[in-house]
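Q: based on what follows, work out the 3D shape:
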Amino acid sequence: MSDYRDYLNKTKLHNNTIRKRRRRRFMFGIVLSAVLIFGIVFGHESISGEFNCAGVGEVMDVISSVVSQIGDRKLPIYSVETSENKIALSFDAAWGAEDFQNIMDVLDAHDVKVTFFMTGGWVNDNPDCVRELVDKGHELGNHSEHHYDMTTISKDEMKTEIMNVHDAVKELTGYEMHVFRPPYGAYNNELIDMAYSCDYYPIEWSVDSLDWKNYGVQSIIDTVCNHKELGSGAIILCHNGAQYTAQALDELLNDLEGKGYTIVPVSELIMTENYHMDANGRQIAD
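A: So this is what the prediction gives:
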């Protein structure tokens with residue numbers, strides 16, 4: 001449990017850091033855009049003092065180039081733009097399997113297939129669970145070997161963290177995994193490139209159940225079902241080892257199905273070709 005508490009603390013710290021970075025980038029973008037617009041538009045004022053509309057086109061060109069430069073940061077997949085009323089449900093499995101069978105029973109009762117993102121340690125400790133996931137038609141996902149913050153390790157170590165789990169699962173079940181979720185949701189350009197080079201799609205989430213905070217059953221249900229990002233193409237994050245997840249799952253699925261959603265594994269939701277990403281990591285068809 002000490003490892004799991006450490007995981008929760010690091011997740012909380014990472015989420016706070018991400019929010020601060022997003023606020024800083026947002027404010028920087030506003031200031032930079034204002035400076036560019038002021039400088040270009042008023043720089044094209046004619047000698048007679050009349051406004052020169054030729055500056056407007058250049059404003060858009062400059063803003064476009066700025067956005068493209070900011071967009072140089074490579075993103076994992078957070079959600080998918082789709083006209084189908086589909087969402088993906090995923091579970092991170094890093095520690096513990098006490099509630100695994102309860103989760104399986106609820107999923108069976110609803111005839112729902114999901115994605116389990118597993119660490120190497122979880123695979124080694126729970127081989128029967130891994131086999132059961134395959135036997136029941138769920139998707140297996142890679143969550144790294146040791147659950148490190150992978151932005152702090154070298155490229156060679158990134159590859160080892162990904163491929164060790166891949167090889168262990170393939171040897172155990174014959175299953176080839178193709179979706180990868182970075183531990184703590186932490187990533188950089190190098191990790192995104194490495195994931196793709198290992199034949200993986202890097203996956204984040206758009207709806208965090210916050211089950212890891214252990215606020216209770218109703219909190220999980222309310223957090224997901226009232227989430228502002230819940231909609232077609234959403235990816236929901238839950239945890240196999242959280243205290244109340246198994247207890248909340250049946251009502252959560254009832255509510256999601258009642259809203260008309262079809263729940264699928266991640267790989268059945270995402271696009272694998274002919275797409276681009278917006279600034280929020282949302283896949284959009286070309």
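
Q: tell me where the protein has helices.
A: Secondary structure of the chain (DSSP state H): helices at 2-43, 54-70, 100-110, 120-125, 127-135, 155-173, 189-197, 217-225, 245-258.

Q: buried residues of the third one, list them for me.
A: Translated: helix 100-110. Of the residues in helix 100-110, those with enough neighbours to count as buried (16 or more other Cβ atoms under 10 Å) are 100, 103-104, 106-107, 110. Every C-beta, even on glycine, is put in place using the N, C-alpha and C of the backbone.

Q: what does the last one give?
A: Buried positions in helix 245-258, judged by neighbour count with 16+ other Cβ under 10 Å: 245-246, 248-250, 252-253, 256.

Q: give me the residues contacting that helix.
A: Outside helix 245-258, the residues that touch it by Cβ atoms under 8 Å, 6 or more residues apart in numbering are 87, 91, 99, 102-103, 106-107, 109-110, 112, 209, 211, 217-218, 220-221, 224-225, 238-239, 263.

Q: how far off centre is it?
A: From the chain centre to the centre of helix 245-258 is a distance of 21 Å (Cα atoms, centre = their mean, to the nearest Å).

Q: and it with helix 217-225, angle?
A: Between the axes of helix 245-258 and helix 217-225, defined by axes from the mean of the first three to the mean of the last three Cα atoms, to 10 degrees, the angle is 40 degrees.

Q: just the fifth one next, same as before
A: Interaxial angle, helix 127-135 versus helix 217-225 (the same axes, to 10 degrees): 40 degrees.

Q: go through the helices of the chain and find the least confident stretch.
A: Looking at the helices of the chain, the lowest mean pLDDT belongs to helix 54-70 (a mean of 34).

Q: what's the straight distance from one end of stretch 193-203 to the other?
A: From the first residue to the last, stretch 193-203 extends over 13 Å; the measure is Cα to Cα, to the nearest Å.

Q: mind listing what's buried in it?
A: Neighbour counts over stretch 193-203 (16+ other Cβ under 10 Å) mark 194-195, 198, 200-203 as buried.

Q: just those residues: which are in strands?
A: Applying DSSP state E to these, the entries found in strands are 201-202.

Q: let me know the closest of the buried residues of stretch 193-203 to Val134.
A: Tyr200 (17.8 Å; Cβ to Cβ).

Q: with that, I have no additional questions.
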